[in-house]
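>>> Curious how this folds, go ahead:
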Amino acid sequence: MAITIGIKWTKEKDTWQLSNGEEVMLSLGTKHKGARPLFLEERSFQILEKGTWNPIWYIENSRKESILQMKFGFWSSKGKIQFQDGALYECYFKNSPCLKLIIRDLRYKEDLISFQVDKGKDGKLLPKMFLHQKEMFTDKLLFLLALGMGLFLQYHENEMDFATLILLLTA
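Now for the predicted structure:
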């Protein structure tokens, strides 16, 4: 069962914020020179993407220490996410019945988070997020939520049309 009560992404100027009711849990800034700023509990981080054919995504703290790393296989729509303590997750794309980005908890073999691509009234792509487990609100979960939104925004901010997005994510 998906949990969405009270948790939502909103855009304030050039920043996306994840809120639980009135409380802002994390903020994602605009990508600049390959890095997207991430603010979590008054701490600053960056989401970085390196590579083209075999991209690796990182979240680093302000001291350039890696928090997590996600690596996709060559021409793969699946990525392995590993935190520095060894915790493993998987990110993959699914196009049935609609396009989704899913982060899976490999400990329990269950989906943890999913982002569904919705087309807004104005034709722009918008995120619709679902939380699928009740084990919530740890730093790991917040970093995974930020990473998932960062992946979604990779396409959303470039204003890529819906058909191109589907072709790219189902390769």
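>>> In which helix or strand does the residue nearest to Leu101 when sequence neighbours are not counted reside?
Nearest non-adjacent residue to Leu101, counting by Cβ to Cβ, 6 or more residues apart in numbering: Phe115, 4.5 Å away. All C-beta atoms are positioned from the backbone trio N, CA, C, and that covers glycine. Using DSSP states H and E, Phe115 falls within strand 110-119.
>>> The helix or strand following that strand - contacts with which helices or strands?
Where DSSP H and E defines the elements, the next helix or strand beyond strand 110-119 is strand 125-131. If you count contacts as 3 or more Cβ pairs under 8 Å, 6 or more residues apart in numbering; DSSP states H and E, strand 125-131 packs onto strand 7-12, strand 110-119, helix 139-156.
>>> Give me whichever of these is most buried.
The highest average neighbour count among those, using mean count of other Cβ atoms under 10 Å, belongs to helix 139-156 at a mean of 20.
>>> Let me know the average pLDDT across that helix.
Mean per-residue pLDDT for helix 139-156: 84.
>>> Likewise for stretch 90-99?
pLDDT averaged over stretch 90-99 gives 78.
>>> Just want the most central residue of the chain.
Gly148 (0.9 Å; Cα atoms, centre = their mean).
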